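Trainee: Attaching a predicted model along with its sequence, questions to come.
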Amino acid sequence: MDRIRLKDKEFELYIAEKEIKKAIERVARQIKKDIEGKNPLFIGVLNGAFMFIADVMHYLNGPYELTFARYSSYQGTDTSGMVNEIMPVKSDIRGRCVILLEDIIDTGFTMNYVMRKLRDGGASEVRLATMLYKPDALRHNVTPDYVGLEIANDFIVGYGLDYDELGRAYKDIYKIVES
Ligand code: 5GP
Ligand code: MG
(Lines give C-alpha, C1' and ligand atoms only; values in the text may rest on other atoms or scores of the structure.)
(Ligands and ions follow the chains in the order given, each with its own letter.)
Protein backbone atom coordinates (compact mmCIF):
# COMPACT_ATOMS: atom_id res chain seq x y z
CA MET A 1 0.00 0.00 0.00
CA ASP A 2 1.39 3.37 -0.97
CA ARG A 3 -1.31 5.45 0.64
CA ILE A 4 -3.65 5.03 3.58
CA ARG A 5 -6.45 7.12 4.96
CA LEU A 6 -7.17 7.40 8.71
CA LYS A 7 -10.24 9.46 9.56
CA ASP A 8 -9.71 12.89 8.00
CA LYS A 9 -6.01 12.44 7.16
CA GLU A 10 -4.05 10.98 4.24
CA PHE A 11 -0.69 9.27 4.74
CA GLU A 12 1.90 8.10 2.23
CA LEU A 13 4.46 5.30 2.51
CA TYR A 14 7.59 6.62 4.18
CA ILE A 15 9.70 3.75 5.59
CA ALA A 16 9.19 0.18 4.45
CA GLU A 17 9.19 -2.75 6.87
CA LYS A 18 12.52 -4.08 5.59
CA GLU A 19 14.34 -0.87 6.45
CA ILE A 20 12.69 -0.66 9.87
CA LYS A 21 13.69 -4.25 10.72
CA LYS A 22 17.26 -3.63 9.58
CA ALA A 23 17.52 -0.56 11.81
CA ILE A 24 16.05 -2.39 14.81
CA GLU A 25 18.41 -5.33 14.32
CA ARG A 26 21.35 -2.90 14.38
CA VAL A 27 20.04 -1.30 17.59
CA ALA A 28 19.59 -4.72 19.20
CA ARG A 29 23.12 -5.73 18.26
CA GLN A 30 24.52 -2.57 19.93
CA ILE A 31 22.44 -3.15 23.05
CA LYS A 32 23.48 -6.79 23.25
CA LYS A 33 27.14 -5.80 23.16
CA ASP A 34 26.69 -3.09 25.80
CA ILE A 35 24.82 -5.26 28.31
CA GLU A 36 27.33 -8.08 28.35
CA GLY A 37 27.86 -9.05 31.98
CA LYS A 38 25.09 -6.74 33.21
CA ASN A 39 21.63 -7.53 34.45
CA PRO A 40 19.54 -4.81 32.80
CA LEU A 41 15.88 -4.13 33.28
CA PHE A 42 14.11 -3.33 30.02
CA ILE A 43 11.15 -0.99 30.21
CA GLY A 44 8.90 -1.04 27.17
CA VAL A 45 6.93 2.17 26.81
CA LEU A 46 3.37 1.48 25.71
CA ASN A 47 1.44 1.82 23.50
CA GLY A 48 3.42 3.09 20.52
CA ALA A 49 6.55 0.99 21.06
CA PHE A 50 4.83 -2.39 21.18
CA MET A 51 6.22 -3.60 17.85
CA PHE A 52 9.67 -2.13 18.52
CA ILE A 53 9.77 -3.80 21.96
CA ALA A 54 8.84 -7.17 20.48
CA ASP A 55 11.43 -6.87 17.71
CA VAL A 56 14.27 -5.80 20.01
CA MET A 57 13.57 -8.61 22.47
CA HIS A 58 13.26 -11.08 19.58
CA TYR A 59 16.74 -10.15 18.33
CA LEU A 60 18.21 -10.14 21.87
CA ASN A 61 16.91 -13.66 22.40
CA GLY A 62 18.08 -13.99 26.00
CA PRO A 63 17.08 -14.24 29.66
CA TYR A 64 16.37 -10.53 30.04
CA GLU A 65 13.85 -8.98 32.39
CA LEU A 66 11.20 -6.88 30.65
CA THR A 67 8.48 -4.76 32.15
CA PHE A 68 6.13 -2.13 30.74
CA ALA A 69 5.07 1.40 31.52
CA ARG A 70 2.72 3.90 29.99
CA TYR A 71 2.78 7.68 30.01
CA SER A 72 0.83 10.44 28.43
CA SER A 73 2.03 13.99 28.19
CA TYR A 74 0.06 17.14 28.07
CA GLN A 75 2.16 19.96 26.84
CA GLY A 76 0.98 23.50 26.97
CA THR A 77 2.76 26.33 25.30
CA ASP A 78 6.54 26.26 25.40
CA THR A 79 8.17 24.38 28.25
CA SER A 80 5.20 24.07 30.58
CA GLY A 81 3.70 20.62 30.61
CA MET A 82 2.95 17.53 32.59
CA VAL A 83 3.63 13.85 32.23
CA ASN A 84 0.81 11.64 33.42
CA GLU A 85 1.95 8.19 34.58
CA ILE A 86 -0.91 6.03 33.44
CA MET A 87 1.02 2.84 34.25
CA PRO A 88 4.17 3.53 36.29
CA VAL A 89 7.15 1.18 36.56
CA LYS A 90 6.42 -1.30 39.34
CA SER A 91 9.77 -3.10 39.50
CA ASP A 92 12.45 -2.19 42.02
CA ILE A 93 14.88 -0.14 39.95
CA ARG A 94 17.36 0.72 42.74
CA GLY A 95 20.88 -0.03 41.61
CA ARG A 96 19.70 -1.38 38.26
CA CYS A 97 20.77 -0.57 34.76
CA VAL A 98 17.51 0.40 33.10
CA ILE A 99 16.97 0.49 29.34
CA LEU A 100 13.90 2.29 28.05
CA LEU A 101 12.40 1.13 24.75
CA GLU A 102 10.46 4.02 23.20
CA ASP A 103 8.74 4.50 19.85
CA ILE A 104 9.77 8.04 18.98
CA ILE A 105 11.55 11.04 20.47
CA ASP A 106 9.85 14.20 19.30
CA THR A 107 10.32 17.20 21.62
CA GLY A 108 11.93 14.92 24.22
CA PHE A 109 9.54 16.14 26.89
CA THR A 110 8.26 12.71 27.96
CA MET A 111 11.63 10.95 28.11
CA ASN A 112 13.29 13.89 29.83
CA TYR A 113 10.76 13.52 32.63
CA VAL A 114 10.82 9.71 32.75
CA MET A 115 14.61 9.40 32.68
CA ARG A 116 14.97 11.96 35.47
CA LYS A 117 12.38 10.13 37.54
CA LEU A 118 14.16 6.76 37.11
CA ARG A 119 17.51 8.31 38.08
CA ASP A 120 15.92 9.97 41.12
CA GLY A 121 14.40 6.57 41.95
CA GLY A 122 17.88 5.09 42.30
CA ALA A 123 18.60 3.41 38.97
CA SER A 124 22.37 3.09 38.58
CA GLU A 125 22.17 3.79 34.87
CA VAL A 126 19.33 4.89 32.59
CA ARG A 127 19.66 4.28 28.87
CA LEU A 128 17.27 5.15 26.10
CA ALA A 129 16.63 3.19 22.91
CA THR A 130 14.23 4.73 20.43
CA MET A 131 12.98 3.35 17.15
CA LEU A 132 12.65 6.83 15.64
CA TYR A 133 14.18 10.18 16.42
CA LYS A 134 13.23 13.63 15.14
CA PRO A 135 16.36 15.69 15.91
CA ASP A 136 14.83 18.88 14.49
CA ALA A 137 11.90 18.69 16.92
CA LEU A 138 14.01 18.23 20.09
CA ARG A 139 13.42 20.92 22.72
CA HIS A 140 14.37 19.15 25.93
CA ASN A 141 17.59 17.71 27.23
CA VAL A 142 17.45 14.10 26.03
CA THR A 143 20.18 12.14 24.29
CA PRO A 144 19.07 8.73 23.07
CA ASP A 145 21.76 6.06 23.44
CA TYR A 146 20.37 3.93 20.62
CA VAL A 147 18.50 5.26 17.59
CA GLY A 148 16.84 3.15 14.90
CA LEU A 149 16.20 5.84 12.31
CA GLU A 150 16.42 9.62 12.31
CA ILE A 151 13.49 11.21 10.53
CA ALA A 152 12.32 14.66 9.49
CA ASN A 153 9.85 16.62 11.55
CA ASP A 154 6.68 15.13 10.00
CA PHE A 155 3.78 13.36 11.70
CA ILE A 156 3.98 9.62 11.08
CA VAL A 157 1.92 6.51 11.78
CA GLY A 158 2.34 2.76 11.52
CA TYR A 159 4.57 0.17 13.15
CA GLY A 160 2.91 0.86 16.49
CA LEU A 161 2.33 4.58 16.07
CA ASP A 162 -1.21 5.91 15.86
CA TYR A 163 -3.30 8.77 14.71
CA ASP A 164 -6.22 8.99 17.12
CA GLU A 165 -5.71 5.28 18.01
CA LEU A 166 -5.75 4.17 14.37
CA GLY A 167 -2.82 3.02 12.26
CA ARG A 168 -0.82 1.09 14.85
CA ALA A 169 -1.18 -2.23 13.04
CA TYR A 170 0.50 -1.28 9.76
CA LYS A 171 3.84 -2.99 9.15
CA ASP A 172 5.28 0.00 7.30
CA ILE A 173 5.60 3.62 8.43
CA TYR A 174 3.56 6.33 6.71
CA LYS A 175 3.89 10.08 6.84
CA ILE A 176 1.12 12.61 6.73
CA VAL A 177 0.27 14.26 3.42
CA GLU A 178 -0.32 17.93 4.13
CA SER A 179 -3.20 19.12 2.04
P1 5GP B 1 7.77 13.96 23.09
O2 5GP B 1 7.48 13.91 24.55
O3 5GP B 1 9.17 13.52 22.72
O4 5GP B 1 7.44 15.29 22.47
O5 5GP B 1 6.74 13.01 22.40
C6 5GP B 1 6.87 11.68 22.47
C7 5GP B 1 5.58 10.96 22.19
O8 5GP B 1 4.70 11.70 21.31
C9 5GP B 1 5.90 9.68 21.48
O10 5GP B 1 6.17 8.66 22.39
C11 5GP B 1 4.66 9.46 20.65
O12 5GP B 1 3.72 8.77 21.42
C13 5GP B 1 4.17 10.85 20.33
N14 5GP B 1 4.62 11.27 18.99
C15 5GP B 1 5.62 12.14 18.70
N16 5GP B 1 5.77 12.29 17.38
C17 5GP B 1 4.84 11.48 16.79
C18 5GP B 1 4.51 11.18 15.42
O19 5GP B 1 5.08 11.67 14.43
N20 5GP B 1 3.50 10.29 15.24
C21 5GP B 1 2.82 9.71 16.26
N22 5GP B 1 1.86 8.85 15.95
N23 5GP B 1 3.12 9.96 17.56
C24 5GP B 1 4.12 10.84 17.82
MG1 MG C 1 5.64 6.86 23.10
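Mentor: Perfect, I can see it now. These numbers come from a predicted model, not from an experiment. Ligands and ions are numbered 1, 2, ... in the order given.
Trainee: Helices of this structure, start to end?
Mentor: 17-34, 50-60, 109-120 (DSSP state H).
Trainee: So which residues make contact with the longest one?
Mentor: Meaning helix 17-34. With contact meaning CB atoms under 8 Å, 6 or more residues apart in numbering, helix 17-34 is reached by 52, 55-56, 59-60, 62, 99, 127, 129, 131, 146-149, 159, 171-173. For the C-beta atoms, the positions are set from N, CA and C on the backbone; glycine is no exception.
Trainee: How about stretch 127-146?
Mentor: 20, 23-24, 27, 30-31, 34, 40, 49, 52, 56, 79, 97-109, 111-112, 115, 147-153, 156, 159-160, 173.
Trainee: In the chain, where is pLDDT below threshold?
Mentor: 75-80 (pLDDT under 70).
Trainee: How about the contacts made by the residue positioned nearest the centre of it?
Mentor: With distances taken as CA atoms, centre = their mean, the residue of the chain nearest its centroid is residue 102 (1.7 Å). Contacts for residue 102 (CB under 8 Å, 6+ apart) come out as 45, 48, 49, 52, 110, 111, 128, 129, 130, 131.
Trainee: I'd like the helices of the chain written out as TSV, with mean neighbour count and distance to ligand 2 added.
Mentor: Listed next are these as TSV, based on neighbours: other CB atoms under 10 Å; distance: least, CB to the ion, whole Å:
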stretch	mean neighbour count	distance to ligand 2
helix 17-34	16	16
helix 50-60	19	10
helix 109-120	18	7
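Trainee: Which strands or helices does the longest strand along the chain pack on?
Mentor: Longest strand in the chain, counting residues (DSSP state E): strand 65-75. Secondary-structure packing of strand 65-75 (3 or more CB pairs under 8 Å, 6 or more residues apart in numbering; DSSP states H and E): strand 41-46, helix 50-60, strand 81-87, helix 109-120.
Trainee: okay if I get those as JSON lines plus distance to ligand 1?
Mentor: What follows is those, written out as JSON lines (distance: least, CB to the nearest ligand atom, whole Å):
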{"stretch": "strand 41-46", "distance to ligand 1": "7"}
{"stretch": "helix 50-60", "distance to ligand 1": "11"}
{"stretch": "strand 81-87", "distance to ligand 1": "8"}
{"stretch": "helix 109-120", "distance to ligand 1": "3"}
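Trainee: Would you reformat the ones you listed as TSV and include distance to residue 140?
Mentor: Shown next, in TSV, are the helices and strands packed on strand 65-75 (distance: least, CB to CB, whole Å):
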stretch	distance to residue 140
strand 41-46	16
helix 50-60	21
strand 81-87	9
helix 109-120	4
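Trainee: Tell me which of these lies nearest to residue 14.
Mentor: helix 50-60 (15.4 Å; CB to CB).
Trainee: No more questions from me, cheers.
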